[in-house]
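Novice: got a predicted structure here, sequence first:
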Amino acid sequence: MSKKVLIIGAGGVGNVVVHKCAQVPEVFSEIILASRTLAKCDAIAANAARPVRTDQVDANDASQVTALIEKYRPDVVINVALPYQDLPIMDACLETGTDYLDTANYEPPEEATFEYKWQWAYHDRFKDEGIMALLGSGFDPGVTNVFCAYAQKHYYDEIHTVDIVDCNAGEHGRAFATNFNPEINIREVTQKGRYWENGQWVDVDPLSVRKDIDYPQIGRRASYLMYHEELESLVRHIKGLKRIRFWMTFSEQYLTHLRVLENVGMTRIDEVEFEGRKIVPLKFLKALLPDPGSLGPTYTGKTCIGVMFDGLKDGRRKQMMIYNSCDHAKCYQEVGAQAVPYTTGVPAMIGAKMMLEGTWRGAGVFNIEEFDPDPFMADLNQYGLPWEIVEGKSIEL
Ligand code: NDP
């Protein structure tokens with residue numbers, strides 16, 4: 001099999017995707033990396049284990065992406081630029097008849113809302129074209145969805161409650177930094193929290209619901225209820241579901257900084273007048289904050305991201321958790337990146353591998369839990385994200 005992959009976005013996640021694709025030459029025989037800044041592509045390519053061709057593209061412009069795809073004729077496009085670019089890149093894939101994969105759903109720049117409706121609306125056009133889009137092939141969304149599909153397939157007749165729990169117990173030594181793109185991260189964290197119960201969405205004030213959760217390999221950590229995009233697709237695909245929630249840990253230090261930044265208006269996403277020109281405060285803040293890619297060398301500690309289930313098997317109550325734990329320093333040693341881009345980039349590579357090998361095929365737009373989880377779960381173990389199951393573990397009420 002000789003397959004070409006075009007990766008768009010030379011950030012923290014793009015760096016990991018390039019390294020991981022380079023480790024699997026039998027599937028990814030040619031790698032092309034393109035981004036807005038060519039120098040960032042060249043820097044990543046210079047450290048890759050195999051030759052990587054690089055190019056420049058503004059992926060906000062579908063015609064530029066179309067020209068890029070026509071130039072290299074890839075078998076799949078992995079979009080690890082920003083969520084704003086999802087739709088123009090999907091338009092270019094439609095135009096050229098090319099398969100598509102991403103790790104985050106579309107967000108309109110002027111509104112901090114993330115929903116699948118814009119991308120699901122492409123389903124019929126992708127189907128008519130006979131091409132495939134795989135949405136949300138990162139860790140969360142991504143691996144967490146696959147954990148749900150795996151639990152549903154092998155362990156449950158009915159899954160009643162799902163709690164996705166995301167803990168970063170690492171230390172990077174900076175006063176305030178985000179683990180992936182600061183603009184996207186802060187838009188997500190400052191939104192209202194939201195969960196689904198008995199067929200209804202319930203909204204709560206941002207970070208207003210807290211629970212101390214006991215994470216395997218880490219211990220108890222303060223965790224906050226947030227809305228996360230995989231909830232929207234999982235309520236469609238998990239049988240018997242009564243409630244689904246998402247929790248993430250934040251340190252007091254992070255929350256204090258965030259509160260101050262919010263209070264003084266630095267997280268605003270609308271334009272404000274500054275010295276005769278318009279600026280978006282959050283974009284300005286992003287320019288000042290550490291590049292998440294620069295955190296790697298000093299990062300220590302672990303992540304633990306998993307899913308806790310409660311439901312029925314053979315008429316009996318069953319509780320369990322599936323999780324992965326990653327060590328920041330080990331990730332840095334392997335690919336020069338801390339665990340957050342690592343846990344996102346590895347599943348992006350595996351999702352593309354599933355598509356190129358023909359293990360996961362379909363015409364249209366799909367969420368990752370719609371496919372057989374078994375080969376993906378096997379690849380997680382093989383390519384750096386081994387997972388564990390803890391029987392009897394559930395979130396305390
Ligand atoms: P970075 O900001 O580090 O990288 C994004 C890259 O995209 C940058 O190199 C940037 O180029 C490039 N880019 C931005 N705009 C354009 C454009 N118009 N055209 C071409 N390239 C562009 O972000 P991350 O690597 O941290 O995150 C990448 C993606 O991964 C995001 O969508 C994020 O939401 C997602 N993610 C998903 C997770 C999951 O588990 N599912 C977890 C973490 C992240 P330049 O530097 O030149 O501006």
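Specialist: That came through fine.

Novice: wait, M1 sits on F28?
Specialist: No: because the distance of 9.7 Å does not satisfy CB atoms under 8 Å, M1 is recorded as not touching F28. C-beta: built from backbone N, CA, C; applies to glycine.

Novice: near the ligand, which residues of this protein are found?
Specialist: Of all the residues in the chain, those in contact range of the ligand (CB under 6 Å from any ligand atom) are 9-14, 35-37, 40, 57-60, 80-83, 85, 103-104, 138-142, 180-181, 184, 292-293, 340-341, 344.

Novice: circling back: so what sits against both of M1 and F28?
Specialist: Residues touching both M1 and F28 by CB atoms under 8 Å, 6 or more residues apart in numbering: L356.

Novice: tell me the pLDDT at the residue in the stretch 251-397 of the chain positioned nearest to the ligand?
Specialist: Across the stretch 251-397 of the chain, the shortest distance to the ligand (CB to the nearest ligand atom) belongs to T344, at 4.0 Å. Reading off the per-residue confidence, T344 sits at a pLDDT of 98.

Novice: that one touches G138, doesn't it?
Specialist: Yes: in this structure, T344 is within contact of G138 by CB under 8 Å, at 4.0 Å.

Novice: which neighbours do those two share?
Specialist: V13, T103.

Novice: for I31, which non-adjacent residue is spatially closest?
Specialist: Across the structure, with CB to CB, 6 or more residues apart in numbering as the measure, the residue nearest I31 apart from its sequence neighbours is V52 (4.7 Å).

Novice: which ones are touching whichever residue of the chain sits closest to the ligand?
Specialist: Nearest residue of the chain to the ligand (CB to the nearest ligand atom) works out as G11 at 1.7 Å. When the contact criterion is CB under 8 Å, 6+ apart, the partners of G11 are S35, K40, V80, A81, N181, P292, G293, P341.

Novice: let me know the closest of these to E370.
Specialist: V80 (21.1 Å; CB to CB).

Novice: could you chop this protein up by domain?
Specialist: The record's domain parsing of the chain by automatic domain parsing lists 3-135, 143-337+386-391.

Novice: just give me how far the first one sits from the chain centre.
Specialist: Mean C-alpha position of domain 3-135 versus that of the full chain (CA atoms, centre = their mean, to the nearest Å) differs by 14 Å.

Novice: okay, who's weakest in the contacts of G11 by pLDDT?
Specialist: G293 (85).

Novice: mind listing what that residue touches?
Specialist: Shown in contact with G293 (CB under 8 Å, 6+ apart): G11, G12, N15, A337, P341.

Novice: same thing but at 6 Å, please
Specialist: Applying CB atoms under 6 Å, 6 or more residues apart in numbering, we find G293 in contact with G12.

Novice: that one belongs to a helix?
Specialist: Yes: assessed by DSSP: H, G, I helix; E, B strand; the rest coil, G293 belongs to a helix.
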